[in-house]
Every structure is written in C-alpha cells, then in structure tokens.
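Novice: Show me how the following folds:
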Amino acid sequence: MIHISQVAPLIDRQFKQLLPKEAVQFKTYKKDRGFLIYCIDPSRFEIVETGFSNTSSVGDMASIKKQAHKALKREFPRSNMVWVTYYKNVDSPSHIDDSNSHQGSLF
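Specialist: Prediction:
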C-alpha cells in the first residue's frame, strides 16, 4: 500500500519497466475501485478501469499514460492510500488471479 502522491510517479516508471504479459493494478483502500495497466507488447498497452467507470482501451504508451492519470483522478477522488499489485504471465487482463501475482521490489 502506498500514498496517493506516489502513484503518479509510479505509473510513469511502470510504463518503462513493464514487459509483455505483465500488469500492474491500482486499487482503492476498500478495493472496490481502481484500474489495471497491462503490457501487450513493448509499444502497446491496455488500461482497464473498474469502479466508477468500467472501460477498457488499448493504445500506445503516451495515450495510455494520459488515460491512466485521468483514471487516477476519476477513480481515487478522496483516497489517501492505494493498493498496488504486480502480475506476471498474464494472458488476458480480464482473467487475472492470485496465481499470476508476485511482489515486486519495494526499494
């Protein structure tokens, strides 16, 4: 769990570090809203929003990064803390479970 002020820099960093078939998910403290960024290939990403807006879109790094920052403001309007979960070997962002999860380095 990280503070909301650390999420925007983490999003920017994750776009450079995510490999194909990896995903990172950001959820509210209650885990009822959030979004997931999935790397399709090094130049294409998918963002899946759940909660206030249930949408999904595919695009290049710049467009998805812009949508991720908008989703952060839309899905986390009053949140202070955010759950961050990393996933490996993801075939589809709609079929993610705990078997794909792994904890990334915190430092």
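
Novice: next structured bit after the longest helix that the chain contains?
Specialist: In the chain, assigned by DSSP state H, the helix with the most residues is helix 61-75. Helices and strands here follow DSSP states H and E; after helix 61-75, the next one along the chain is strand 81-87.

Novice: Quick check: buried residues in that next one?
Specialist: By neighbour count with 16 or more other Cβ atoms under 10 Å, strand 81-87 contains the buried residues Val82, Val84, Thr85, Tyr86, Tyr87. For glycine as for every other residue, the C-beta is placed from the backbone atoms N, C-alpha and C.

Novice: export the residues you listed to TSV and tack on distance to Phe76 and pLDDT?
Specialist: Below are those laid out as TSV (distance: Cβ to Cβ, whole Å; pLDDT from 0 to 100):
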residue	distance to Phe76	pLDDT
Val82	7	95
Val84	12	94
Thr85	15	93
Tyr86	19	93
Tyr87	20	93
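
Novice: Adding distance to Ala71, write the residues you listed out as a markdown table.
Specialist: Below are the buried residues of strand 81-87 laid out as a markdown table (distance: Cβ to Cβ, whole Å):
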| residue | distance to Ala71 |
| --- | --- |
| Val82 | 12 |
| Val84 | 14 |
| Thr85 | 16 |
| Tyr86 | 18 |
| Tyr87 | 18 |
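
Novice: Report the two of those residues separated the most.
Specialist: Val82 and Tyr87 (16.0 Å; Cβ to Cβ).

Novice: still on that earlier bit, can you pull the buried residues of the longest helix of the chain?
Specialist: Ile64, Lys65, Gln67, Ala68, Ala71, Leu72, Glu75.

Novice: can you check stretch 12-28 too?
Specialist: Buried residues in stretch 12-28 (16+ other Cβ under 10 Å): Gln14, Phe15, Leu18, Lys21, Glu22, Ala23, Val24, Gln25, Phe26, Lys27, Thr28.

Novice: ditto for stretch 89-101
Specialist: By neighbour count on 16+ other Cβ under 10 Å, the buried set for stretch 89-101 is Val90, Pro93, Ile96, Asn100.
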